[in-house]
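[1] Compute the structure for the input listed below.
(2 chains)
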Amino acid sequence: MGEVIVITSGKGGVGKTTTTANIGIGLAQAGKKVVVIDTDLGLRNLDVVMGLENRIVYNLVDVIEGNCRMKQALIRDKRYPELCLLPSAQTKDKTSVSPEQMKKLVDELKDEFDYILLDCPAGIEQGFQNAVAGAEHAIIVTTPEVSAIRDADRIIGLLETSGIKKNDLVINRIRIDMVRRGDMMSVDDVTEILAVNLLGVIPDDEQVVVATNQGEAIIGSDSMAGHAYENICKRLMGEKVPVPDFKQADGIVGRLIHLLKKN
Amino acid sequence: MSVPSVQIAKERLHTLLGADRIECTPDITEQLSSDIYHTLAKYMDLNSRKIEVQITRSEILIRYTGEKN
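    Numbers count the residues shown, from 1 in each chain, chains lettered A, B, ... in the order given. All right, here's what the predicted structure looks like:
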């Protein structure tokens, strides 16, 4: 039976879609059968981030309304044979699907795939309810900013009441230089406030923008963000990989220790 | 030297999440704490600097005796 994971955040623009795409690709590269589902009805993005926008024929709403079979709507990524995308509908809105229908759709995919990743829309309305309906595990993405952390806290509260058994946190766009000079919250600051299991930390990396421009994955490339996503995938598959130390290094001694640890 | 902005962010978040979690704005929380203090002070000898009020919101269930399930 496949594991159903929803990637959510509350606030928009913190990196849910990028995280969904790269975790999906990473797990597929590890030989797992993966389907990534874009649940943002009316504002589809996951196809674009993955560079599959020109291959869409049918979408999620078509499957639910019975306009096509599941197989016809799933787009197989030629670069990663184990990876499929179920795109969202661009011309429908969030009320065209109910949580029950989403749950049924996800359950149908559980037999065939090892991982079902749901890219959740921003907000806490029906789009969120739909995305969460069939999931048993949630990955909450946040950035070290007051507004994003506040929304993440709200979302964690909502997830706890909606039957999700496992919550994991991904902190995105950490800038170590800013953390060091006391102008950005550290990993410890964030986990102290949000008190959920830390799945991974993604450093702010301009290579993510480059990869997104090209519709390619950041995972698998020799970049800081790419390596961070690789570690997240390993942790999801049960491997014990320590989270690198992004703590504030104090003065020269701290930096020296940091440097020594790195090598 | 000025206060590192992280300190300010953490303090703001602390207040914000406190308010979000109990569904009560900081103004009302303060008023509520002050009311509680004044009520208690009517009956006990209290020092306003030593009292701390903690508010937790949880599901409240009231059941009357003799009520059927």
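[2] Assign the closest residue to A:N67 other than its chain neighbours to helix, strand or coil.
    Using C-beta to C-beta, 6 or more residues apart in numbering or on different chains and skipping the chain neighbours, the partner closest in space to A:N67 is A:Y58 (6.8 Å). From N, CA and C alone the C-beta is placed, and that goes for glycine too. Look at A:Y58: counting by DSSP: H, G, I helix; E, B strand; the rest coil, its state is coil.
[3] Okay, A:Y58 and chain B: tell me how far apart.
    When distance is defined by C-beta to the nearest C-beta, to the nearest Å, A:Y58 is 40 Å away from chain B.
[4] Show the backbone phi and psi for whichever residue of chain A sits closest to chain B.
    Of all residues in chain A, the one sitting closest to chain B is A:G182 (2.9 Å; C-beta to the nearest C-beta). Main-chain dihedrals, A:G182, degrees, to the nearest 10: phi 80, psi 20.
[5] State the distance from it to A:N67.
    Distance from A:G182 to A:N67, counting by C-beta to C-beta, to the nearest Å: 55 Å.
[6] of these two, who's got more company?
    Legend: neighbour count by other C-beta atoms under 10 Å in any protein chain shown for A:G182 and A:N67, higher for A:G182 (15 against 12).
[7] Hmm, that one is touching B:I8, no?
    No - here A:G182 does not reach B:I8: they are 10.3 Å apart, not a contact under C-beta atoms under 8 Å.
[8] Quick check: which element contains A:C68?
    Under the criterion DSSP states H and E, no helix or strand holds A:C68.
[9] how many other residues sit next to it?
    A:C68 sits with 13 neighbouring residues when counted by other C-beta under 10 Å.
[10] How about B:D27?
    When neighbours are defined as other C-beta under 10 Å, B:D27 has 9 of them.
[11] One more: A:S147?
    A:S147, neighbours per other C-beta under 10 Å, totals 14.
[12] so it touches A:G10, yeah?
    No - counting by C-beta under 8 Å, A:G10 is not a contact partner of A:S147; they are 9.3 Å apart.
[13] Could you pull up phi and psi at A:R173?
    The main-chain torsion angles of A:R173 are listed as degrees, to the nearest 10 and equal phi 60, psi 50.
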